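Peer 1: kindly return the folded structure for what I paste below:
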Amino acid sequence: APKSSTFSTGTEIGVTPPLGLFDPLGFLSRGPDVYRRYQEIEIKHGRLAMAATLGVIVTEAGIRLPGYLSLDQDLKFADVP
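Peer 2: Here you go, the predicted model:
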């Protein structure tokens, strides 16, 4: 897809009247490519946070991985609270 030479913040997610775009740290001043990279990084971190939350929920439900956490110390996954 060809890159657009103009960058419009009016179409970005989260832009709502009457506040408009909330950018207190000035991320948009670094340019549209950097801003898009920050968006991608935020999505990646959100996905990791969701996976971590699911891991906590599964662990609290009592589901443990089979096998050993450490063979040297004879420590199984199920032995860890």
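
Peer 1: chain center to stretch 9-22, what's the gap?
Peer 2: 21 Å (CA atoms, centre = their mean, to the nearest Å).

Peer 1: mean confidence (pLDDT) on that stretch, please.
Peer 2: Averaged across stretch 9-22, the pLDDT comes to 80.

Peer 1: what does stretch 7-26 rub up against?
Peer 2: Contacts with stretch 7-26, where a contact means CB atoms under 8 Å, 6 or more residues apart in numbering, come from 28, 31-32, 35. No exception for glycine: its C-beta is placed from N, CA and C like everyone else's.

Peer 1: mind doing that once more with 7 Å?
Peer 2: Contacts with stretch 7-26, where a contact means CB atoms under 7 Å, 6 or more residues apart in numbering, come from 28, 32.

Peer 1: and stretch 27-34, by the same measure?
Peer 2: Contacts for stretch 27-34 (CB under 7 Å, 6+ apart): 7, 9, 35, 38.

Peer 1: could you export those as a markdown table, including neighbour count and distance to Leu75?
Peer 2: Converted to a markdown table, the contacts of stretch 27-34 look like this (neighbours: other CB atoms under 10 Å; distance: CB to CB, whole Å):
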| residue | neighbour count | distance to Leu75 |
| --- | --- | --- |
| Phe7 | 14 | 53 |
| Thr9 | 13 | 52 |
| Tyr35 | 16 | 46 |
| Tyr38 | 13 | 40 |
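
Peer 1: distance of the residue nearest to Gly67 when sequence neighbours are not counted relative to Pro24?
Peer 2: In space, and not counting its chain neighbours, Gly67 is closest to Phe77: 6.3 Å by CB to CB, 6 or more residues apart in numbering. According to CB to CB, to the nearest Å, Phe77 stands 44 Å off from Pro24.

Peer 1: who's more crowded, the two?
Peer 2: Neighbour count, other CB atoms under 10 Å: between Phe77 and Pro24, Phe77 has more, with 13 against 5.

Peer 1: please enumerate the strands of the protein.
Peer 2: Secondary structure of the chain by DSSP state E: the strands cover 68-70, 75-76.

Peer 1: cool, thanks, signing off.
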